[in-house]
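*Asks:* whatever this is, show me its structure:
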Amino acid sequence: MDATAAATLLPIAAETAGSSMDLLTELTILVLAAFVGFEVISKVPNTLHTPLMSATNAIHGIVLLGGLVVIGRADGVLDDVILVIAIAFGTINIVGGFLVTDRMLEMFKRKPAKGEAGKSGERERAGVGA
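*Replies:* This is a model prediction of the structure:
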């Protein structure tokens, strides 16, 4: 089989493969994926949560771009509405993830000593940058 024939059959195979699954099968896969995801994430040590959040934010960004590509090819109004809602939720997820990551990184910053904190406060009140 040459490359042209394979490229022609690929969309047909993807279309028929997607139509053979019913709603119950898809919901079963979703629930199993949720349980597996929970088990995997709960086993991650605390020191790796911040890098894991950063990687997850990057993946969510790629998923959001995929949603934007799909909305460009949507056929009906219902598809557009569902995709806009999905993109809005994805955006909220990404922004929230970055806020949580930033908050987690703040915990790793060293706090200035008591003597240094007073000096920097005096400089700021005097108008001199720290």
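*Asks:* just the pLDDT for residue 117.
*Replies:* Residue 117 is assigned 57 on the pLDDT scale.
*Asks:* no no, residue 39
*Replies:* The model reports residue 39 with a pLDDT of 93.
*Asks:* host element of the spatially closest residue to residue 84 that is not a sequence neighbour?
*Replies:* Nearest residue to residue 84, sequence neighbours excluded (CB to CB, 6 or more residues apart in numbering): residue 71, at 7.1 Å. C-betas here are computed from N, CA, C, even on glycine. Following DSSP states H and E, one finds residue 71 within helix 49-72.
*Asks:* how about residues contacting that helix?
*Replies:* 41, 44, 79-80, 83-84, 86-87, 90-91, 93-94, 97-98, 100-101, 104-105, 108 (CB atoms under 8 Å, 6 or more residues apart in numbering).
*Asks:* can I get the buried ones among those residues as something I can paste into PyMOL?
*Replies:* Buried residues among the contacts of helix 49-72 (16 or more other CB atoms under 10 Å), as a PyMOL selection:
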select buried, resi 83+87+90+94+97+101
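*Asks:* mark which of the contacts of helix 49-72 are part of helices, please.
*Replies:* Mapping the contacts of helix 49-72 onto helices (DSSP state H) picks out 41, 79-80, 83-84, 86-87, 90-91, 93-94, 97-98, 100-101, 104-105, 108.
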